[in-house]
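Student: all I have is the shape, not the residue letters:
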């Protein structure tokens, strides 16, 4: 019989400290039935080391009663957000795709990238970035955005979702309801956007999210942005107005909703650390992301358990999230979930087809002919 902490743990995706799984990390993941991990450049040295680390993490599922796979996730957008070093293909920034405007190329981009991710055991990529680039001073997004045209972003990001589906990798569109207007980096401070909901609709921030939902994106990541003229109390990640009312009810989104990293200063400067995971769950977030601070997931599990004990959080929320997560895993993360053999992985990673494609995209300019 599961204890409540094991239901809670399935709702966390956590970072790891280095290139090997430590005994402490293994114990925490197993004892709390942690839902998944996110790997960064600090965790990824070579094909062989990445292959072994992911195998070790994924094998921990056999120590839990239901033996459901873990999310093995990564931020791989191409361009600046690129965690895997050569010999993995070095993918260009997606702005190049936006300049070309080709749905077919956008599909191929994520299909081929996804094949490399899948070969070493990644099953979730925090992409595509569907923010519409609206502010020239917005260096946080910049060429991570496909375009400043909402229609182009919507069209190409939908194709990118389909590419991930073809590759067998879960996709996660970000950052809802859009990070393209503000210039403040939420890693360091809370961005404030004074527009109203009708402005977000009229200016196109929301259109790409509507389109990727129709393309059956698996997850959507929320933004740590305050919209005082929409919700004066909470930023989007902690806001029932954005998560439950807009994304769930108005957009009829049925997939998983994931927070951005809950340790980012956009939240920790404005809210007590122990309250943040509870507020996120109450807002309607299904999966909580903790990237860099080893003590934060431990603290989050305790905070959520205490909120349940004190009656500040309903057990129904925890049970509902748990069931949604398990259902997605059983449906989409089918065997084999371990990495391919090293021999097969090496045949896929950095192969001529991928290198030629990445090079051709990198060399294209905005003068490229767009498809219909």
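Tutor: Arrived safely, thanks for sending. Bear in mind the structure is a predicted one, so any value in this text is a computation, not a measurement.

Student: gap between stretch 316-332 and the chain center?
Tutor: How far stretch 316-332 lies from its chain's middle: 17 Å, per CA atoms, centre = their mean, to the nearest Å.

Student: now what about that stretch, what contacts it?
Tutor: 4, 7-8, 10-11, 35, 66, 68-69, 71, 123, 170, 218, 255-256, 281-282, 286-287, 304, 308 (CB atoms under 8 Å, 6 or more residues apart in numbering). For the C-beta atoms, the positions are set from N, CA and C on the backbone; glycine is no exception.

Student: go on, stretch 227-243?
Tutor: With CB under 8 Å, 6+ apart, stretch 227-243 has contacts from 176-177, 190, 192-197, 222-226, 257, 259-260, 262, 266-267, 270-271, 276, 279-280, 282-285.

Student: flag the shaky bits of the stretch 51-200 of the chain, pLDDT-wise.
Tutor: For the stretch 51-200 of the chain, the stretches flagged by pLDDT under 70 are 138-139, 183-185.

Student: show me the contacts for the spatially most central residue of the chain.
Tutor: With distances taken as CA atoms, centre = their mean, residue 126 lies nearest the centre of the chain, 3.1 Å away. Residue 126 sits next to 38, 73-77, 172, 174, 221 when contact means CB under 8 Å, 6+ apart.

Student: so of the contacts of stretch 227-243, which ones are in helices?
Tutor: Of the positions in the contacts of stretch 227-243, 197, 266-267, 276, 279-280, 282-283 sit in helices, assigned by DSSP state H.

Student: using pLDDT, spot the least trustworthy of these.
Tutor: Lowest pLDDT within those is found at residue 266 (91).

Student: hmm, back to that, in a markdown table, list the contacts of residue 126 along with neighbour count.
Tutor: Listed next are the contacts of residue 126 as a markdown table, based on neighbours: other CB atoms under 10 Å:
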| residue | neighbour count |
| --- | --- |
| 38 | 22 |
| 73 | 26 |
| 74 | 27 |
| 75 | 18 |
| 76 | 22 |
| 77 | 23 |
| 172 | 27 |
| 174 | 23 |
| 221 | 24 |
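
Student: among these, which ones are in strands?
Tutor: 38, 73-74, 76-77, 172, 174, 221 (DSSP state E).

Student: any chance of those residues in CSV with distance to residue 159 as columns?
Tutor: What follows is the ones in strands among the contacts of residue 126, written out as CSV (distance: CB to CB, whole Å):
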residue, distance to residue 159
38, 25
73, 21
74, 21
76, 17
77, 15
172, 16
174, 17
221, 19
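
Student: please identify which of those is nearest to residue 135.
Tutor: residue 174 (17.1 Å; CB to CB).

Student: for the spatially closest residue to that closest one that is not a sequence neighbour, list each beta-bridge partner.
Tutor: Among residues not flanking residue 174 along the chain, residue 221 sits closest, at 3.7 Å (CB to CB, 6 or more residues apart in numbering). Residue 221 forms beta bridges with residue 258, as assigned by DSSP bridges.

Student: do you know the pLDDT at residue 221?
Tutor: The score at residue 221 is 98. That number is its pLDDT.

Student: I'd say it and residue 262 touch.
Tutor: No: assessed by CB atoms under 8 Å, residue 221 is found out of contact with residue 262, at 11.7 Å.

Student: joint contacts of these two?
Tutor: Common neighbours of residue 221 and residue 262 (CB under 8 Å, 6+ apart) are residue 289.

Student: against residue 134, how distant is residue 246?
Tutor: Distance from residue 246 to residue 134, counting by CB to CB, to the nearest Å: 19 Å.

Student: number of nearby residues for residue 142?
Tutor: 16 (other CB atoms under 10 Å).

Student: check residue 260 too.
Tutor: Quick note: residue 260 (other CB under 10 Å) scores 24 neighbours.

Student: which residues in the stretch 51-200 of the chain form helices?
Tutor: For the stretch 51-200 of the chain, the helices defined by DSSP state H, counting those that start in this stretch occupy 95-100, 103-119, 150-167, 197-203.

Student: export these to CSV and tack on distance to residue 342 and mean neighbour count?
Tutor: Below are these laid out as CSV (distance: least, CB to CB, whole Å; neighbours: other CB atoms under 10 Å):
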stretch, distance to residue 342, mean neighbour count
helix 95-100, 31, 23
helix 103-119, 9, 23
helix 150-167, 19, 24
helix 197-203, 47, 14
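
Student: in TSV: those helices, plus distance to residue 296.
Tutor: Formatted as TSV, these follow (distance: least, CB to CB, whole Å):
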stretch	distance to residue 296
helix 95-100	33
helix 103-119	25
helix 150-167	28
helix 197-203	30
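
Student: please identify which of the ones you listed is closest to residue 363.
Tutor: helix 95-100 (8.5 Å).

Student: list the helices and strands the closest one packs on?
Tutor: Here helix 95-100 touches helix 103-119, helix 150-167, helix 352-363, going by 3 or more CB pairs under 8 Å, 6 or more residues apart in numbering; DSSP states H and E.

Student: give the residue spans of the stretch 251-372 of the chain that score low on pLDDT.
Tutor: 365-372.

Student: how about a cut-off of 90?
Tutor: Applying pLDDT under 90 to the stretch 251-372 of the chain flags the ranges 334-337, 364-372.

Student: tell me which of the contacts of stretch 316-332 fall in strands.
Tutor: 71, 170, 256, 287.

Student: report the buried residues of stretch 282-301.
Tutor: For stretch 282-301, burial by neighbour count (16 or more other CB atoms under 10 Å) applies to 282-291, 293, 296-297, 300-301.
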